[in-house]
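A.B. asks: Build the 3D model from these lines:
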Amino acid sequence: MLNFFGFRRLPGAWGLGLLLLLCGLTAQAQQASLLVRDLSLRTDTTRYSLSRHTVAVQGEPHLYFFYRQDDEAAELLVYPEVASRAAALRLQRSADFTLVDSLTAVDGGQYYRAKLRFKDLGGSKFLSLTFRQPNDSVGRPALTQTIKLLPVTHTTLEFRPADTELFVGEEKVFDLTSNNPKNIRVTPEWTRGQDIDYRLEQEKGVLRLHVLPNALGTRQLTLRPQTERPFLTDNNRRVTYSLPPVRQEFTVKASRLRFLSVDKKEITLDEASRRRGVELILDNGRTFELKRTYRIEDQEEAGGALIAELFTRQYLTNDRVLCWLRVYNTHRQTESYLYIKENDQAKYVTNFNISPKTAISAVSVRHRGGDWSTNTTVNPGETVDVRLEGESLTRARFHFEDVQIIPSDSSIRSDAAVVYRVQVPLTIDKKRITIFNSGQPTGYGLSVREFQRPHPLDFVGVTFGEAPRPLTRLNGPVLYNRTISDVVFSFNTGAIDSDRQLYGKQYLTFDIRTQNAKGELIEMRTVDNIVVCPDGNSVRAAFYQDKQCQVGNISLNSLLSYRKTYDLDDWSTIIITVKHTQSQYQEPGFSQKLELVLQRRIKFDIDVSFPGGLLTKYPGESSYTSFGGISLAMLGQISFYHPEKINRLRPYKVGAGFVALNAFDLSKGDANRDLGVVLLGSIYPTRRDAKLTFPLYLGGGYLLSKGKPFILLGPGIGLRL
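C.D. replies: Next up, the predicted model:
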């Protein structure tokens, strides 16, 4: 290893030269790690390229493109740094898009083409394309390169009120018009200290502007809206979240009754505020009498419902009054004003919210791609939406123990429901995530459970006389022409969990059947709940520890009790179905069938047949003899199986043995009878259901009684029992 500080001992010229050499090598290595020279992304009719449409976000270059729909489709053209046929360029899969057409090399790798469809562009964060080039035959390592994307969209906001007349202390609500209301950032908190205070909210996809005037006369309201997703300004060179200000003039008039402002806009209705009261500072009403109780109702006319009681205590130096407020009913500022009455006569008007104590009544969870469920179980590394339902939730300050809350465009916040998007850490070591409100536990929480999802069965390997092979590659019957000493199943536990995908324990069921060449069942076994746990490389390995986890391989012979694999007859079949134990999962599992057939090339057997009408020819004779009678042949024959079919013989055989010529010919005495040793080839019909067959024979042999060779040709009669 080179000692960097050793440069001090080198002469100046040598040290400087070596330093420049190292810098050059570093620059060359960095340049060699680049895979993509340029990238082109076409949406609709517009094309965006990496070399021309790049903008810096937080100091990092991003390829920006405009979109109209959240599920925009795009054509991708990738120009590699170096065109190569040896190691193809690959696009890593992502949950942010679907690869419609895979990345395909064009013109010998000069560029690559693909088609993809994005998912939820309006809500996707940190969108990127990751390219990978695997290691090649020369031994160069695999390379990856990530290109970050910035989807941008045009967002407009308009405010055109039909009525521009306001009253001091009176809240008024207007609708705003936008081409993309989800992209407008709402401001649930009121502005402070302006002539006209305002706040923005979104309800059922409609933007609403709440205004509250504080001063008389012609006043201008200035909105400075912000967007959730950025857009580009200055000829697509700068990223911003600020829309142009929206200005509107209003005429603010005095109310019929004097409006008295209070120092608290939010009052909680609980046992303490109902009995003891809440300390409140109110504008001086000039006609107030100290140590007197005033009635507060929600209507100007007499006979309104009692909302609260106001007890005046003492005057303050800033022309205000210190009071006790006892509340008895809930009230919202948007519903109506509150009237301070004396003897059923309205004297003043005020307004504030009276909300019940924050209470959670229900918690529901929505996993990505799913629906809302009351099952509050989450998994490590998962991002979920959590909805809290109850009363007076907007005033609460919720946080989740040991998890991160992610800002989301789909967040909902109202008194009745709030929605948070939370990300559970991969390394979380708790079984329960407690939900707190202002540092106090609410009694509700999320249960943490390990992922238990079915993984494709490519982690299961099988060995039956050769090297282990993945089970998923053995589709259809496997013809094996040797003796199967055993069938062994092994498990690649390191292929279950990855850095981005967790599956957890795999519960497998093995259904085993063996049958003979006729398809008759020999033995049947079922092995349930074989538990395969991810190995120590998984980030959740410490939480998978279980005594039920499978250790080592599974031998088929250890499960068979009647006949072992090495004792099976020719053309017997071993059928093994490996599948996930469905009772352990909430989604359908995988199943793979392995069918091993004990194939044979040839078959040797002793056949007895009855050749009839044989033509024989002896040496020295010019022609064949006349048709003979029925003969008797006993031959040791070799049959040949079809190499690509199961238990199907070819139509020819070769055999040797004895033949008794004219053994059943009684018409001519013993003159034509003889016994010979023969070597015959025969042609048989291949029908399986035929009991009576008529083969053809061709061969030669040696007659024992006459002592001379001969050649014979003719049909025969075969009987299959």
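
A.B. asks: For the chain, which segments count as helices?
C.D. replies: For the chain, applying DSSP state H gives helices covering 12-32, 271-275.

A.B. asks: ok, so what distance separates the residue most central in space within the chain from residue 384?
C.D. replies: The centroid of the chain falls nearest to residue 95 when counting by Cα atoms, centre = their mean (6.8 Å). As for residue 95, its distance to residue 384 is 14 Å (criterion: Cβ to Cβ, to the nearest Å). C-beta coordinates here come from the backbone N, C-alpha and C atoms, glycine included.

A.B. asks: likewise residue 98?
C.D. replies: In terms of Cβ to Cβ, residue 98 sits 21 Å off from residue 384.

A.B. asks: Residue 502 too?
C.D. replies: Distance of residue 502 to residue 384, computed by Cβ to Cβ: 14 Å.

A.B. asks: Lowest average confidence across the helices of the chain, which one?
C.D. replies: The minimum mean pLDDT among the helices of the chain belongs to helix 12-32 (a mean of 43).

A.B. asks: contacting residues for residue 646?
C.D. replies: By Cβ atoms under 8 Å, 6 or more residues apart in numbering, residue 646 lies in contact with 477, 479, 571, 597, 599.

A.B. asks: Tell me the bridge partners for the fourth one.
C.D. replies: Beta-bridge partners recorded for residue 597 (DSSP bridges): residue 479, residue 573.

A.B. asks: Tell me how many other residues crowd it.
C.D. replies: Counted with other Cβ atoms under 10 Å, the neighbours of residue 597 add up to 19.

A.B. asks: isn't it right up against residue 482?
C.D. replies: No - applying Cβ atoms under 8 Å as the test, residue 597 and residue 482 come out as separate, 12.0 Å apart.

A.B. asks: Okay, residue 352 and residue 263: tell me how far apart.
C.D. replies: 10 Å.

A.B. asks: Between those two, point out the one with more neighbours.
C.D. replies: residue 352 (21 against 12).

A.B. asks: are any of the contacts of residue 646 buried, and which?
C.D. replies: By neighbour count, with 16 or more other Cβ atoms under 10 Å, the contacts of residue 646 hold 479, 571, 597, 599 as buried.

A.B. asks: list the contacts for the nearest residue to residue 489 once chain neighbours are set aside?
C.D. replies: The spatial neighbour of residue 489 that comes closest, neighbours along the chain excluded (Cβ to Cβ, 6 or more residues apart in numbering), is residue 554 at 4.4 Å. Neighbour list for residue 554: 488-489, 510, 527, 530 [criterion: Cβ under 8 Å, 6+ apart].

A.B. asks: now residue 389
C.D. replies: Residue 389 sits next to 360-364, 416-417 when contact means Cβ under 8 Å, 6+ apart.

A.B. asks: Neighbours of the residue lying closest to it once chain neighbours are set aside, how many?
C.D. replies: In this structure, residue 389 finds its nearest non-sequential neighbour in residue 362, 4.4 Å apart by Cβ to Cβ, 6+ apart. Residues lying near residue 362 (other Cβ under 10 Å) number 12.

A.B. asks: Residue 362 and residue 390 touch, don't they?
C.D. replies: Yes - Residue 362 is in contact with residue 390 according to Cβ under 8 Å; the separation is 7.3 Å.

A.B. asks: picking up where we left off before, quick check: pLDDT value at the residue nearest to the centre of the chain.
C.D. replies: The model reports residue 95 with a pLDDT of 87.

A.B. asks: From residue 368, how far off is it?
C.D. replies: Separation of residue 95 from residue 368 (Cβ to Cβ): 8 Å.

A.B. asks: Please apply the same query to residue 500.
C.D. replies: Residue 500 is 13 Å from residue 368, by Cβ to Cβ.

A.B. asks: about what we covered before: farthest pair in the buried ones among the contacts of residue 646?
C.D. replies: The largest separation in those, counting by Cβ to Cβ, is between 479 and 571 at 9.7 Å.

A.B. asks: Report the set of residues contacting both of the two.
C.D. replies: Joint contacts of residue 479 and residue 571 (Cβ under 8 Å, 6+ apart) are 597, 599, 646.
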